[in-house]
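[1] Quick one: sequence and predicted model below, then my questions.
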Amino acid sequence: MIMKKLSILFLVSFVFFIHTSCNEWLDVRSKEEILQEDAFKQGGGYRSALVGIYRLLADQKLWGKELTWGFASAAGRNYSVSSLGNSAAYRAVMEGKGSTYERYIDAVLAGIWETGYNAIANCNNLLKNIETTDNSIFVFPWERDMIIAEARGIRALVHFELLRYFVAAPITGYKGVAIPYVRDYPELSPLYNTLDEVLEFIIEDLEFAREKLRYVDVDCLFEPNIMSYISTYLFQGIQNLLEDGNYGNGFGFFSKRVTRMNYWGATALLARVYSYKRDNAKAVEYIDELLDEWAVEGEGNFEFGWYQYDSNPNKIDGKRCPEPLLCFWNKNNMDNYKTVAGTNYMKMNTLNSLFGADINTDYRYIALYDQKNRDYRVWKEPNDPAYDITSYQTRTFMTHFSGLLPVIELPELYYIKCEYLAEQGLLNQAAETLKMVKDSRGIVSPIVADDYNSFMEILINDATRDFLTRGQTWHYLKKLNWPVIYDGKPVLMEVPEGYYVFPIPESETNFY
């Protein structure tokens, strides 16, 4: 039923974000169709449409909450049950109690499903209209291709996120029906595709996005002398776009590329998808390109960031810039978190057993996860907004970074490469690769592994530390079909049967 609703209600919310009842829809439909037709006669209309899609992605039902620090982190057991308060769905996913589990979790999953396909429908409507649009209405000759590439990249990303939640992972051998991969608009009754088909379509869209966005991000917008700590993350693409040195009215639209679907993010997502398919050899091809050409020693400064311990906790950058390769943005993110967490909830499980012998050196334990105040939480803000306001570093962290919603980050690429090397029996090389992440976290203890399984235990331990509250723990373990999960206790919890697949929402299955 959700899929059908999306196609009917889409034009009302598109660009203008108007929310109406069914009766209001009937009254204003023709007006909205005219508004959309007029909007798509100019390049600015497509810009607005794309910005609207990003607003949907940053909604609390998606990366603004549930796919990052909300439901995804609860499923990854990043929080203690006792600290979840009235978050019934989060408690339910961790406790798994019969009908309570189904009722509360289904409501969250329905929001993820519906909002996800709504974003996809927005992408498809934009793509349908732009196909016949003349390039002359855009400011730059590459702008049309950029918008198309971003829309197709987003379409792939959202489908992949839905696939990971609602369908068994490829490692299980599952080959059956998965989810609909919707590429047309309107699509009133989309057909369900198989798992292999969905993955093929995802890769096709991401490859297209990567190819087109490399030209935009690297050839047109990239400026090496601004690839510093702050500029990489927030202001990529602000070199002079016009010959007279002015940026034009579209300056904001062409800046902040790392908070949009970009070349580096699309490349990293391809690595994630191939690793999910258990083709780490192919994944590493994309990873090596990013690491060799752009990270650490390369042209750019995508590297482990400026977030080491500081005596002033207000200076600790919880988003670890410039590690993210793709983010979204919600300026109300911290307020949304505080509304849910208050002062007593959303605390992480006791971390001593997870960090083990590294508790005295791993900066994540020492500072990032707020051991100092025993909050065990990664989300920070200044106790006093005016505190140390003269500090450029503090102002930058708190003004610009609290709204960032990480989608994929640099450490995950290292973890995937470690998996590949370990699979090939190259344990020493795998350990050296993992050491690059551990070194950046202040860890000095050696990596001792005699075989694949013992190395993977060390790798997963570090990944769990890094993914806390970022929404990736459950996905990473699902990809590997890993049998145990950290649960705040010295002895890891055995993963219950069926834990790695959530049911498609009842509202959708009832319709079909």
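    Received the coordinates, thanks.
[2] Please enumerate the strands of the chain.
    Ranges of strands in the chain, per DSSP state E, are 324-329, 404-409, 484-485, 493-494.
[3] For Tyr365, give me its contacts.
    Leu351, Phe355, Asp358, Ile359, Gln371, Arg465 (Cβ atoms under 8 Å, 6 or more residues apart in numbering). C-beta coordinates here come from the backbone N, C-alpha and C atoms, glycine included.
[4] what about 10 Å?
    Neighbouring residues of Tyr365 by Cβ atoms under 10 Å, 6 or more residues apart in numbering: 351-352, 354-356, 358-359, 371, 376, 441-443, 465.
[5] Show the pLDDT at it.
    Looking at Tyr365, its pLDDT stands at 83.
[6] again with Leu35
    62.
[7] now swap in Ala49 and tell me
    93.
[8] hmm, back to that, closest one to Pro170 out of the contacts of Tyr365, please.
    Distance to Pro170, by Cβ to Cβ, is smallest for Arg465 among those, at 25.9 Å.
[9] Settle this for me: the closest one is touching Leu354, isn't it.
    Yes. Counting by Cβ atoms under 10 Å, Arg465 does reach Leu354; the two are 6.2 Å apart.
[10] joint contacts of the two?
    With Cβ under 10 Å, 6+ apart as the test, Arg465 and Leu354 both reach Asp362, Arg364, Tyr365, Tyr369, Tyr486.
[11] Check those and tell me the two furthest apart.
    Asp362 and Tyr486 (14.7 Å).
[12] In terms of neighbours, single out the busier of those two.
    Neighbour count, other Cβ atoms under 10 Å: between Asp362 and Tyr486, Asp362 has more, with 24 against 21.
[13] ok, now how distant is the nearest residue in space to Leu50 that is not next to it in sequence from Leu195?
    Spatial nearest neighbour of Leu50, chain neighbours left out: Ile147 (5.6 Å); criterion: Cβ to Cβ, 6 or more residues apart in numbering. Using Cβ to Cβ, to the nearest Å, one gets 30 Å for the distance from Ile147 to Leu195.
[14] Between these two, tell me which one has more neighbours.
    For Ile147 versus Leu195, neighbours defined as other Cβ under 10 Å are more numerous around Ile147 (23 against 20).
[15] mind checking how far that one is from Tyr101?
    In terms of Cβ to Cβ, Ile147 sits 42 Å off from Tyr101.
[16] do Leu206 as well
    34 Å.
[17] same check, this time on Ser136
    Distance from Ser136 to Tyr101, by Cβ to Cβ: 56 Å.
[18] Which of those two has more residues huddled nearby?
    The neighbour count for Ser136 versus Tyr101, taken as other Cβ under 10 Å, is higher for Tyr101 (17 against 8).
[19] Please tell me I have it right and that one contacts Val108.
    No. Using Cβ under 10 Å, Tyr101 is not in contact with Val108; the gap is 11.3 Å.
[20] shared neighbours, those two?
    By Cβ under 10 Å, 6+ apart, the residues touching both Tyr101 and Val108 are Ala88, Ala89, Ala92, Val93.
[21] quick one, what contacts the last one?
    Read that as Val93. 71-72, 74-77, 81, 84, 87, 101, 104-105, 108-109, 474, 499, 502.
[22] Now list the buried members of the residues you listed.
    71-72, 74-77, 84, 87, 101, 104-105, 108-109, 474, 499, 502 (16 or more other Cβ atoms under 10 Å).
[23] Burial check on the closest residue to Asp196 other than its chain neighbours, number of neighbours?
    Leaving aside its sequence neighbours, Asp196 sits nearest to Lys175 (Cβ to Cβ, 6+ apart; 6.5 Å). Number of residues near Lys175 (other Cβ under 10 Å) recorded here: 11.
[24] Distance check, Ala110 against Ala121.
    Ala110 is 16 Å from Ala121, by Cβ to Cβ.
[25] If you count surrounding residues, which of those two has more?
    Between Ala110 and Ala121, Ala121 has the larger neighbour count (other Cβ under 10 Å), namely 26 against 17.
[26] re the thing from before, now, the contacts of Tyr365 that are in helices?
    Asn352, Leu354, Phe355, Arg465 (DSSP state H).
[27] surely the first one meets Pro490?
    Yes. Counting by Cβ under 10 Å, Asn352 sits close enough to Pro490 to count as a contact (8.6 Å).
[28] Would you mind measuring from the closest residue to Phe253 other than its chain neighbours to Cys327?
    Leaving aside its sequence neighbours, Phe253 sits nearest to Arg47 (Cβ to Cβ, 6+ apart; 5.2 Å). Applying Cβ to Cβ, the value for Arg47 to Cys327 is 19 Å.
[29] Check Leu126 too.
    Distance from Leu126 to Cys327, by Cβ to Cβ: 21 Å.
[30] and if you look at Gln60?
    From Gln60 to Cys327 the distance is 16 Å (Cβ to Cβ).
[31] Neighbour count for these two, which is higher?
    Between Gln60 and Cys327, Cys327 has the larger neighbour count (other Cβ under 10 Å), namely 25 against 19.
[32] you'd agree that one is up against Glu409?
    Yes. Checked against Cβ under 10 Å, the pair Cys327 and Glu409 is within contact range at 8.7 Å.
[33] Quick check: phi and psi on the closest residue to Leu67 other than its chain neighbours?
    Closest residue to Leu67 in three dimensions, ignoring its sequence neighbours and counting by Cβ to Cβ, 6+ apart: Gly471, at 5.3 Å. Main-chain torsions, Gly471, degrees, to the nearest 10: phi 90, psi 10.
[34] and stretch 327-343, how far apart are its ends?
    Stretch 327-343 has an end-to-end distance of 26 Å (criterion: Cα to Cα, to the nearest Å).
[35] swap in stretch 183-195?
    Per Cα to Cα, stretch 183-195 runs 16 Å from first to last residue.
[36] Tell me who's in contact with Leu57.
    By Cβ under 10 Å, 6+ apart, the residues touching Leu57 are 63-64, 67, 115-116, 119, 122, 154, 157-158, 161, 261, 328-330, 405, 407.
[37] So for it, what's the nearest residue that isn't a sequence neighbour?
    Nearest non-adjacent residue to Leu57 (Cβ to Cβ, 6+ apart): Phe328, at 5.0 Å.
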